[in-house]
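Fold the following and give me the result.
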Amino acid sequence: LSNYTLGVPGTKALAASLIGNAHIVELVLNGCGLSDEGVEALCESLKGNRKLNTLDICDNRIGSRTISGVESKDLSRCVVAISQLFKVPKSTLYTIKMSSCGLTDRDTVELTKGLKGNHSLRKMDISCNEVGDKGAAALAKCVQFREHLEFVNVTWNRIGPEGIKLIQHAVRIRNRVKKVTPSPSFEMGTAAPKEGSGLLERGVSSDTDDAGL
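Residues are numbered from 1 along each chain as shown. The predicted structure is shown next:
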């Protein structure tokens, strides 16, 4: 269904079909123009689904940052709905992908609140967003205390050296997540890349020199 504009009626119809569905394990909705109302319906239906393990909603402006580059005064309803989905007991959601969704620090903090009671999510991709040091601090706490969270992609964000240090500190405390690999990130509105984002990954040794700090 990627790159197909679903609209609210289409998203709601899809959401209804997912309730109790025992066959679909991966749902990819890249660039579908998802709206607040549509995402809320989708998340509500997934609360009762025990088969879906991967949700890919990349390239949908669900975050607080609008297409025009202005951050909304109100927290994104989509992000709140996803955060609530994380809190569902016995959830089977293993992977969520939210690259290029206009996510900000506020959104990231809200998402990590939902992860406090989550025991299923293993992989989260929030690359190519506008997450800064505040968001990195919230993610660092998740990495440190959520042992089930194995992989978090935060490349191409706005995380600076201080945010990298916080993530590295969390990595050192929790040995299951072993490495921070920096990658360039774009400042909004410029074409010049700026160093300061990272990929948290499990299975290799931590090396502070890799972060360029």
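
At the geometric centre of the chain, which residue sits there?
In the chain, the residue lying closest to the centroid (C-alpha atoms, centre = their mean) is Ile126, at 4.0 Å.

Double-check Arg106 against Val80; I have them as touching.
No - Arg106 is not in contact with Val80 according to C-beta atoms under 8 Å; the separation is 10.7 Å. In short, each C-beta sits where N, CA and C put it, glycine included.

Run through the residues that contact the residue lying closest to the residue nearest to the centre of the chain once chain neighbours are set aside.
The shortest distance from Ile126 to any non-neighbouring residue, by C-beta to C-beta, 6 or more residues apart in numbering, is to Met98 (5.2 Å). Met98 sits next to Ile57, Cys58, Ile62, Ile82, Met124, Asp125, Ile126, Asn129 when contact means C-beta atoms under 8 Å, 6 or more residues apart in numbering.

tell me the contacts of the fourth one?
With contacts taken as C-beta under 8 Å, 6+ apart, Ile82 has the following neighbours: Val39, Cys43, Ile62, Ile96, Met98, Leu111, Gly114.

How much space separates Leu111 from Asp56?
Per C-beta to C-beta, to the nearest Å, Leu111 is found 16 Å from Asp56.

who has more neighbours, these two?
Each of Leu111 and Asp56 has its neighbours counted (other C-beta atoms under 10 Å); Leu111 has more, 25 against 18.

So, low pLDDT: which residues of the protein?
Along the chain, the parts satisfying pLDDT under 70 run over 1, 65-73, 175-213.

For it, which segments count as strands?
26-28, 54-56, 95-97, 123-125, 151-153, 179-186, 193-201 (DSSP state E).

Just the buried residues of the fourth one, please?
By neighbour count with 16 or more other C-beta atoms under 10 Å, strand 123-125 contains the buried residues Met124, Asp125.

what about that strand, distance to the chain center?
Distance, stretch centre to chain centre, for strand 123-125: 6 Å (C-alpha atoms, centre = their mean, to the nearest Å).

Give me the contact list for it.
For strand 123-125, contacts defined as C-beta under 8 Å, 6+ apart pick out Cys58, Tyr94, Thr95, Ile96, Lys97, Met98, Ser99, Leu149, Glu150, Phe151, Val152, Asn153.
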